[in-house]
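1. Quick one: sequence and predicted model below, then my questions.
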Amino acid sequence: MPFAASQVQEAASACVDWLHLPDVAINLANLYLAQRQIPAAIQLYTTTLQKHYKNNSTIMLYLARALYDDNKNSQAKRVLLKAIHLQPTQTLLRFNSAVTMQVHSFACAVNIPLCFQHAFDKCLHARHCLLQAWLTLFCSQGLTCLTVS
């Protein structure tokens with residue numbers, strides 16, 4: 001796998017303005033993420049979003065995954081919520097947001113025992129979002145649904 005990233009880097013560097021080819025930058029960021037070079041992947045996703053794809057929910061999902069893998073759950077949640085704002089019917093974004101909130105809530109509960117009530121409230125909210133995402137997913141497939149309160 002390291003060989004593939006170096007090949008992409010060499011091919012990209014042959015082009016003077018390789019960052020003007022956003023697909024190359026996204027592919028390289030995907031390779032970085034696969035190689036666990038997460039900070040480099042985050043930087044490329046962020047740069048590409050800012051310069052080329054300001055409102056692309058797919059690239060935002062990639063960025064959120066990299067942030068999640070780097071244990072930056074609050075930033076991942078923020079990116080996913082922005083993507084949900086752009087595409088509110090996208091159940092994959094809602095599901096990933098709920099999972100991110102749940103992991104973040106559990107991390108808060110473990111790391112900060114003094115604000116347990118706040119973390120517990122976040123956990124309940126994440127659970128609610130996760131259930132909503134599941135219901136949205138199943139209801140969109142024609143299954144019988146109940147409401148979540």
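-> Cool, got the structure.
2. can you tell me which helix or strand residue 96 belongs to?
-> helix 91-111 (DSSP states H and E).
3. and that helix, what other elements does it pack with?
-> Contacts defined by 3 or more CB pairs under 8 Å, 6 or more residues apart in numbering; DSSP states H and E place helix 91-111 against helix 57-69, helix 73-86, helix 116-140. C-betas here are computed from N, CA, C, even on glycine.
4. Now it: buried residues?
-> Under the neighbour-count criterion of 16 or more other CB atoms under 10 Å, helix 91-111 has 91, 93-105, 108-109 buried.
5. same check, this time on stretch 38-58
-> Under 16+ other CB under 10 Å, the buried positions of stretch 38-58 are 38, 40-42, 44-46, 48-49, 52-53, 56-57.
6. Reformat those as JSON lines; add secondary structure.
-> Output for the buried residues of stretch 38-58, formatted as JSON lines (DSSP: H, G, I helix; E, B strand; the rest coil):
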{"residue": "38", "secondary structure": "helix"}
{"residue": "40", "secondary structure": "helix"}
{"residue": "41", "secondary structure": "helix"}
{"residue": "42", "secondary structure": "helix"}
{"residue": "44", "secondary structure": "helix"}
{"residue": "45", "secondary structure": "helix"}
{"residue": "46", "secondary structure": "helix"}
{"residue": "48", "secondary structure": "helix"}
{"residue": "49", "secondary structure": "helix"}
{"residue": "52", "secondary structure": "coil"}
{"residue": "53", "secondary structure": "coil"}
{"residue": "56", "secondary structure": "coil"}
{"residue": "57", "secondary structure": "helix"}
